[in-house]
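Enquirer: I'd like to go over a predicted model; first the sequence, then the structure.
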Amino acid sequence: MEIENKEYYQFNKPENKKRTQQRLMFLKKLGMSEVGLGQFGIKGIISGIYIEIIWNYSEKQWIEYTDWIKSVVK
């Protein structure tokens, strides 16, 4: 996933940069791409994964959410 908008990496919070990058790469491996401004999904299957979720979810919330995404994609 080529993310042009550097604001997605929350440069004002450097501690989140690597985690955000890892999460975006994980979504890419699931076949997701940017479907709207700061919104990620797979056209015709799933959308509404906003950048704020990627930034703010705890590790536990992120795992639960991505497990749900995997089930929807299947």
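Expert: Now that the structure is in, tell me what you want to look at. Residues are numbered from 1 along each chain as shown.

Enquirer: wait, isn't residue 24 in contact with residue 54?
Expert: Yes: applying Cβ atoms under 8 Å, one finds residue 24 in contact with residue 54, separated by 6.7 Å. Where you see a C-beta, it was placed from the backbone N, CA and C, and this is true even at glycine.

Enquirer: Looking at the two, which is more packed in?
Expert: The neighbour comparison of residue 24 against residue 54 (other Cβ atoms under 10 Å) goes to residue 54, with 24 against 19.

Enquirer: what helix or strand does that one sit in?
Expert: Element membership for residue 54 (DSSP states H and E) is helix 51-56.

Enquirer: so what does the following helix or strand past that helix touch, helix or strand wise?
Expert: For helix 51-56, the succeeding helix or strand toward the C-terminus, using DSSP H and E, is helix 59-73. Contacts defined by 3 or more Cβ pairs under 8 Å, 6 or more residues apart in numbering; DSSP states H and E place helix 59-73 against helix 14-29, strand 46-50.
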